[in-house]
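Chemist: Generate coordinates for the sequence data below:
(chains A and B)
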Protein chains: 2
Amino acid sequence: MKLYNFFRSGSSHRLRIALNLKGIAYEYVPVDLRTEEHLGAAFKAVNPQQLVPALVDGELTLIQSPAVIEWLEERHPTPPLLPANAEDRARVRAMAAIVGCDIHPINNRRILEYLRGPLGADEDAVNAWCGTWIRAGFEALEAMLAADRRRGRFCFGDTPGLADVYLVPQVDSARRFKVDLAPYPSIVAIDAACAELDAFRRATPGVQPDAR
Amino acid sequence: MKLYNFFRSGSSHRLRIALNLKGIAYEYVPVDLRTEEHLGAAFKAVNPQQLVPALVDGELTLIQSPAVIEWLEERHPTPPLLPANAEDRARVRAMAAIVGCDIHPINNRRILEYLRGPLGADEDAVNAWCGTWIRAGFEALEAMLAADRRRGRFCFGDTPGLADVYLVPQVDSARRFKVDLAPYPSIVAIDAACAELDAFRRATPGVQPDAR
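Modeler: Numbers count the residues shown, from 1 in each chain, chains lettered A, B, ... in the order given. This is a model prediction of the structure:
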């Protein structure tokens, strides 16, 4: 498989973790967002939406990380990233969607460029923007995790799964935007548990081939 | 089941369509975003994220429409909203996620309030913002639909499914923000096919009990 991605992109980071947890080897194809390589014709032929990541498996091209991860779960079910029970799956998918819908897409590169450009926001305003949506999502996640007896070392139980795959890149991004994580002890503890695992360590932005 | 929702919320609209397509009757519980009822203690006890919609089935409370719809698909599989094949499912879920991650959450109420408030955007700037993200997503969707032989009267084949559930509320929102839909003939045709179906008609914002 080939993973078209960018080291610092949160949704790329997410897919790297999922592939590592599944034990699937992949070829790393960097798409440099800094030089707008994702907006060029070559990458548009891979993904008409011109966003990273995209996963290519032979003739098949998959886009949108939530769809890619569900496909990985269906075609490569072991180890599972989702619980066995439908209600537990709904819980885990909801935690993932808090990050995947309501935090990450609002803070990604194209949005921040628009804030800086057409809306004339300075860096303080951009950081305040990112902090607002990260805190809103983390408050909800922290409340859910703190109240949930199904929580273990990870968001669900004692093995890493879908919600952790989403959470860890978002914590990384929160640190980059200097969000105070002290109000979110459950999130911090889960992030620390993930950081002990090789699958997460090998996926971190700083150790990717295009990180420089 | 009880659906906590608001007539004009796109993700509420999405869940109403999904429930109607599944033939599941539900009690409509309005949460008035105009009076910030979603930020009050009563609704926070339902959904710690303080966003609509939430679906309550007995003791179970489900949040985040992507997670709720996957749960509906698992617990109420007939009629299916997803295709039988994993690769087709990935395609349909990707189309849904283009709307569910990269258009809708960037244009929802709390974001537009932030643009108007802290960022001081006027209504022209707000409409330009919404139009930008709707067009970006619709361009990708149109390219995918136009190139896809699996497309039929609907996003996938000749029966309505997950991608249509996401698309129709977003087309409704695009019209509200006066986005020119002429460049997206496949999207317009699918929206028109959906508008012929009772499940979609009964879900439209204008006919809900809290629409006034």
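
Chemist: Any chance of the backbone angles for A:Leu62?
Modeler: phi -110, psi 130 (degrees, to the nearest 10).

Chemist: what's the spacing between it and A:Cys101?
Modeler: With distances taken as CB to CB, to the nearest Å, A:Leu62 is found 19 Å from A:Cys101. (Each C-beta comes from the backbone N, C-alpha and C, glycine too.)

Chemist: And A:Tyr166, by the same measure?
Modeler: 10 Å.

Chemist: does A:Arg91 sit in a helix, a strand or a coil?
Modeler: The three-state assignment at A:Arg91 reads helix, by DSSP: H, G, I helix; E, B strand; the rest coil.

Chemist: oh sorry, the question was meant for A:Pro118
Modeler: coil.

Chemist: so who does it touch?
Modeler: Residues near A:Pro118 by CB atoms under 8 Å, 6 or more residues apart in numbering or on different chains: B:125, B:128-129.

Chemist: among these, which are within reach of chain A?
Modeler: Contacts with chain A are made by B:125, B:128-129 out of the contacts of A:Pro118, judged by CB under 8 Å from any CB of the partner chain.

Chemist: Sketch out the low-pLDDT regions of chain A for me.
Modeler: Of all residues in chain A, none has pLDDT under 70.

Chemist: Now the phi/psi pair for the residue in it sticking out farthest from the centre, please.
Modeler: Within chain A, the residue lying farthest from the chain centre (CA atoms, centre = their mean) is A:Gly120, at 27.6 Å. Note on A:Gly120: backbone dihedrals following degrees, to the nearest 10 are phi 60, psi 30.

Chemist: thinking again about what came up before, please indicate which of the contacts of A:Pro118 are buried?
Modeler: The neighbour-count test (16 or more other CB atoms under 10 Å in any protein chain shown) marks B:125, B:129 as buried among these.

Chemist: and which of the contacts of A:Pro118 is nearest A:Phe138?
Modeler: B:Trp129 (24.4 Å; CB to CB).

Chemist: which residues touch stretch A:55-71?
Modeler: A:1-4, A:11, A:14-15, A:18, A:26, A:46-47, A:49, A:51, A:53-54, A:81, A:96-97, A:100, A:162, A:165, B:66, B:86-87, B:89-91, B:93-94, B:96-98, B:100-101.

Chemist: make it 6 Å
Modeler: Contact partners of stretch A:55-71, identified using CB atoms under 6 Å, 6 or more residues apart in numbering or on different chains, comprise A:1-3, A:11, A:14-15, A:18, A:47, A:54, A:100, B:86-87, B:90, B:93-94, B:97.

Chemist: In ChimeraX, how would I select the buried members of those residues?
Modeler: In ChimeraX syntax, the buried subset of these is picked out as below (16+ other CB under 10 Å):
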select /A:3,11,14,15,18,47,54,100 /B:86,90,93,94,97
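
Chemist: So which of the contacts of stretch A:55-71 are in strands?
Modeler: A:2-3, A:54 (DSSP state E).

Chemist: re the thing from before, from B:Leu167, how far out is the residue farthest from the centre of chain A?
Modeler: Counting by CB to CB, the gap from A:Gly120 to B:Leu167 is 33 Å.

Chemist: Repeat that for A:Ala86.
Modeler: Relative to B:Leu167, and taking CB to CB, A:Ala86 is found at 25 Å.

Chemist: give the contact list for A:Val126.
Modeler: A:112, A:115.

Chemist: Assumed it was part of a helix.
Modeler: Yes: with three-state DSSP as the criterion, A:Val126 is part of a helix.

Chemist: Is it correct that A:Val56 falls within a helix?
Modeler: No: assigned with three-state DSSP, A:Val56 falls outside any helix and is strand.

Chemist: From chain B, how far off is it?
Modeler: 12 Å (CB to the nearest CB, to the nearest Å).

Chemist: tally of neighbours for that residue?
Modeler: Using other CB atoms under 10 Å in any protein chain shown, A:Val56 has 18 other residues around it.

Chemist: What of A:Arg201?
Modeler: 13.

Chemist: Could you pull up phi and psi at the residue lying closest to it once chain neighbours are set aside?
Modeler: Once flanking residues are discounted, A:Arg201 sits nearest to A:Ala195: 6.9 Å by CB to CB, 6 or more residues apart in numbering or on different chains. Dihedral angles of A:Ala195 (phi, psi; degrees, to the nearest 10) stand at phi -60, psi -20.

Chemist: And for A:Tyr26?
Modeler: phi -150, psi 160.

Chemist: In this structure it contacts A:Arg16, no?
Modeler: No: here A:Tyr26 does not reach A:Arg16: they are 8.2 Å apart, not a contact under CB atoms under 6 Å.

Chemist: neighbour-wise, which of the two wins?
Modeler: A:Arg16 (26 against 16).

Chemist: Quick one: neighbours of the nearest residue to that one once chain neighbours are set aside, just the number.
Modeler: Of all residues not flanking A:Arg16 in the chain, A:Ala203 sits nearest, at 3.7 Å (CB to CB, 6+ apart). Around A:Ala203 there are 26 other residues, counting by other CB under 10 Å.

Chemist: ok, the nearest residue to A:Leu15 once chain neighbours are set aside - contacts?
Modeler: Spatial nearest neighbour of A:Leu15, excluding adjacent residues (CB to CB, 6+ apart): A:Pro53 at 4.9 Å. By CB under 6 Å, 6+ apart, the residues touching A:Pro53 are A:3-5, A:11-12, A:15.

Chemist: what do you get for A:Phe7?
Modeler: A:205, A:208, A:210-211.
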